[in-house]
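Visitor: Provide a 3D model corresponding to the input given below.
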Amino acid sequence: DLSDETVVATLGSTSVPYPAKLRIAAAKVREAPDDSAAAVSAARLYLDYGRTIGDARFVGAALGVLQPWLTSNAGAEVLNLGASARQYMHDFDGALQLLDRVTAADPRNAQALLSRANIRVVQGKFSQASADCIALARARRPDLAILCDTTTKALTSEAPQSYGRL
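Guide: I've put the predicted structure just below:
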């Protein structure tokens with residue numbers, strides 16, 4: 001709930017409130033709820049902090065801040081950020097839906113392609129992940145394409161060839 005000064009979480013038993021920069025970012029979102037830049041900034045801080053300390057509540061706060069834009073005609077930055085948060089929360093299908101929106105608008109969006117390939121690897125959909133890896137090469141990111149492809153194939157019967165290629 002970003003409508004007040006509620007602390008999202010406490011750390012350990014010390015009841016230390018979450019970092020000041022997160023409180024400031026949340027305050028900016030409350031002050032300007034139509035400011036997508038403020039929402040993206042706050043969501044990125046929440047997501048990064050949640051990942052750092054391993055606390056999904058902060059990732060949930062990131063999704064809460066982004067929610068108004070995820071349902072609208074959001075840009076790639078918002079959708080990729082929302083997909084990262086959904087992926088962290090193990091909402092793989094929800095993350096894939098957002099990433100599909102990014103790649104529908106920009107088939108060469110490297111971040112979306114790599115994220116989608118990673119999710120598909122986790123789901124065991126190696127051929128679909130490989131297709132995203134190939135798309136990374138078309139997006140002029142051969143470095144990511146090779147790493148993506150070899151990592152994906154390393155988990156299949158093509159592991160020896162993948163190792164040789166890497």
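Visitor: When you work out contacts or count neighbours from here on, use the C-alpha atoms and nothing else.
Guide: Fine.
Visitor: tell me which residues of the biggest helix by length in the chain are tucked away?
Guide: Criterion DSSP state H: the longest helix present in the chain is helix 36-53. Neighbour counts over helix 36-53 (16 or more other C-alpha atoms under 10 Å) mark 36, 38-50 as buried.
Visitor: which other helices and strands contact that helix?
Guide: Secondary-structure packing of helix 36-53 (3 or more C-alpha pairs under 8 Å, 6 or more residues apart in numbering; DSSP states H and E): helix 20-31, helix 56-70, helix 76-88.
Visitor: What are the contacting residues of it?
Guide: By C-alpha atoms under 8 Å, 6 or more residues apart in numbering, the residues outside helix 36-53 that reach it are 22, 25-26, 28-29, 32-33, 56-59, 61-63, 65-66, 69, 78, 81, 85.
Visitor: rerun at 10 Å
Guide: 11, 18-19, 21-33, 54-69, 74, 77-78, 81-82, 84-85, 88 (C-alpha atoms under 10 Å, 6 or more residues apart in numbering).
Visitor: Make a PyMOL selection of the buried ones in those.
Guide: In PyMOL, the members of these classed as buried (16+ other C-alpha under 10 Å) are selected with the following command:
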select buried, resi 18+22+23+25+26+27+28+29+30+56+58+59+60+61+62+63+64+65+66+69+74+78+81+82+84+85+88
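Visitor: which non-adjacent residue is nearest P33?
Guide: The shortest distance from P33 to any non-neighbouring residue, by C-alpha to C-alpha, 6 or more residues apart in numbering, is to A39 (7.7 Å).
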